[in-house]
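Trainee: Could you look at this predicted model? Sequence included:
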Amino acid sequence: MLLEFTIGNFLSIKDKKTLSLEATSIKEHLGTNVVKLDRFQLLRGAVIYGANAGGKSNFIKAMSTMRRIVKQSFDASSTDELGITPFLLSTDTSNKPSFFEILFLIGTVRYRYGFEVDNTSVKSEWLFESKIKSEKPLFIREGDGIDVSQSFKEAKDLEEKTRENALFLSVLDQFNGTTAKSIMKWFSNFITISGLSHERYKNVTFKMLEDENLKPQLLDFYKRLDLGFDEIDVEKKPFEAKDFTKLFNEEFAKQFLSDIEGKSKIDIKTIHKKYNNENEVVGFEKFDMRRQESSGTNKVFNISGPVFDVLKNGGVLIIDELDASLHPLITLTITKLFNSSEFNKTNAQLIFATHDTNLFEYGHYRRDQIYFVEKDVYGASDLYSLVEYKEDGGKKVRKDRSFEKDYIQGRYGAIPYIGNLHKLIN
């Protein structure tokens, strides 16, 4: 499970900002939203609010960037760039590396792993391990030097095999280091998806629908959301030349078909009841999911695979713009799957950005699960939770306040400044 994620000097985030999923001492929703693991009390997720262009997506992009660098580092060539953009609106940061650090649990062992990188190289990297309370370094990298703990046997004699634009952790994984492999597996279950461009995630849903044990679970979910269909039909067909000659010239179509030989295309059909004049069911009609169903239905279908995959196998799911194209009740249903001891048996965690203020009241989120992102006048994004927000006089926000009303009125910041609308119209 994830304990903390910290990012600094990346896109609109200038100073280091931390999202923590360690539960504070507040007492709300202990039985559903909090997991006790060994010496840790952890939250099942967090929700992030903020104005457009405030930095919510940049914070989520920082998580996906860290995962990408960790997973793809070893496969890159020595000349590949790392795709890093620092905070460019300050002379103090524009030429300095970006900072990434994550704290997480594997079993009962806590790891703290991080690195500083610019677009061309790794400037520093570190891995600490904590089995009881105090932590010990497994390796620390600074510039060209890597200092490895004597007890960390899997890293022995691999320092010289590490390129300047590659992570030492990925090298250890390639050489079958036990700890490195378990950390890489953890990052495989640290998944970020977009709520706006979600087409590519439907393959996960396809695979789950092909599993006879998992298909009923997904179908039951769709029915509960009242999407209007009764069944889903998954049709696999080989690619045919006629599908492409309409779009491309014949030579290109043949070359493309040769490249994807043996692969199939998948069509998803939703099955609807058909009625006569007496409103009696007389048959069924198949609709093409992509062409005949709404954008919201397509989104539910596309992201349902990743949602149920993480719920089944554990891990962290991060979604940007979860509520886009979704009815508030559907957004609420997805979030409740995670904040549930009944449906979330694997202690999966959900972190998402949204504008859906209904969740303040109906989502039953704790104050330490609600985060805000706001830009200052210098273009730098700040991140803070509701539990740490201080009102006038230094008082903390009480649990009995109307969070939605207060937020809309600007009490906690992180909203757009609209100004006088009459002057704008005039």
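Mentor: Noted; the coordinates are in hand.
Trainee: residues near the closest residue to Ser57 other than its chain neighbours, how many?
Mentor: What sits nearest to Ser57 in space, not counting adjacent residues and going by C-beta to C-beta, 6 or more residues apart in numbering, is Asp320, at 5.3 Å. In this view, the C-beta of every residue, glycine as well, is placed from N, C-alpha and C. As a burial measure, Asp320 scores 24 neighbours (other C-beta atoms under 10 Å).
Trainee: Test my guess that Asp320 contacts His198.
Mentor: No. Asp320 is not in contact with His198 according to C-beta atoms under 8 Å; the separation is 10.1 Å.
Trainee: Mind listing the strands the one helix or strand Thr270 maps to pairs with, and their directions?
Mentor: According to DSSP states H and E, Thr270 maps onto strand 264-275. Using DSSP bridges, the strands paired with strand 264-275 in its sheet are strand 231-238 (antiparallel), strand 281-288 (antiparallel).
Trainee: Go through stretch 408-417 and flag the buried ones.
Mentor: 412-415 (16 or more other C-beta atoms under 10 Å).
Trainee: one step back: now do the residue nearest to Ser57 against Met66, distance only.
Mentor: 15 Å (C-beta to C-beta, to the nearest Å).
Trainee: now, which of the buried residues of stretch 408-417 sits nearest Gln72?
Mentor: Ala414 (32.7 Å; C-beta to C-beta).
Trainee: Mind pulling up the pLDDT for the closest one?
Mentor: Model confidence at Ala414, expressed as pLDDT, equals 81.
Trainee: and it, what does it touch?
Mentor: 49-51, 54, 372-374, 407 (C-beta atoms under 8 Å, 6 or more residues apart in numbering).
Trainee: Using PDB, list the CA coordinates for the longest helix belonging to the chain.
Mentor: Longest helix in the chain by number of residues, with DSSP state H as the criterion: helix 295-313. Taking C-alpha atoms only, helix 295-313 is exported to PDB below (Å, rounded to 0.1, in the frame of the first residue of the first chain):
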ATOM      1  CA  SER A 295     -19.800   8.600 -24.100                       C
ATOM      2  CA  GLY A 296     -20.500   8.000 -20.400                       C
ATOM      3  CA  THR A 297     -21.400   4.300 -21.000                       C
ATOM      4  CA  ASN A 298     -18.200   3.900 -23.100                       C
ATOM      5  CA  LYS A 299     -16.200   5.400 -20.300                       C
ATOM      6  CA  VAL A 300     -17.700   3.200 -17.600                       C
ATOM      7  CA  PHE A 301     -16.900   0.200 -19.800                       C
ATOM      8  CA  ASN A 302     -13.300   1.300 -20.500                       C
ATOM      9  CA  ILE A 303     -12.300   2.100 -16.900                       C
ATOM     10  CA  SER A 304     -14.300  -0.800 -15.200                       C
ATOM     11  CA  GLY A 305     -11.500  -3.200 -16.100                       C
ATOM     12  CA  PRO A 306      -8.700  -1.300 -14.300                       C
ATOM     13  CA  VAL A 307     -11.100  -0.600 -11.400                       C
ATOM     14  CA  PHE A 308     -12.000  -4.200 -10.800                       C
ATOM     15  CA  ASP A 309      -8.500  -5.500 -11.600                       C
ATOM     16  CA  VAL A 310      -7.000  -3.300  -8.800                       C
ATOM     17  CA  LEU A 311      -9.900  -4.300  -6.500                       C
ATOM     18  CA  LYS A 312      -9.200  -8.000  -7.200                       C
ATOM     19  CA  ASN A 313      -5.400  -7.900  -7.100                       C
END
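Trainee: buried ones in it?
Mentor: 297-311.
Trainee: and which of those is nearest to Asn277?
Mentor: Comparing the buried residues of helix 295-313 against Asn277 with C-beta to C-beta places Thr297 closest, at 27.4 Å.
Trainee: now for the longest helix of the chain, which elements pack on it?
Mentor: strand 190-194, helix 202-210, helix 215-224, helix 289-292, strand 316-320, helix 328-338 (3 or more C-beta pairs under 8 Å, 6 or more residues apart in numbering; DSSP states H and E).
Trainee: Swap in 6 Å and give it another go.
Mentor: helix 202-210 (3 or more C-beta pairs under 6 Å, 6 or more residues apart in numbering; DSSP states H and E).
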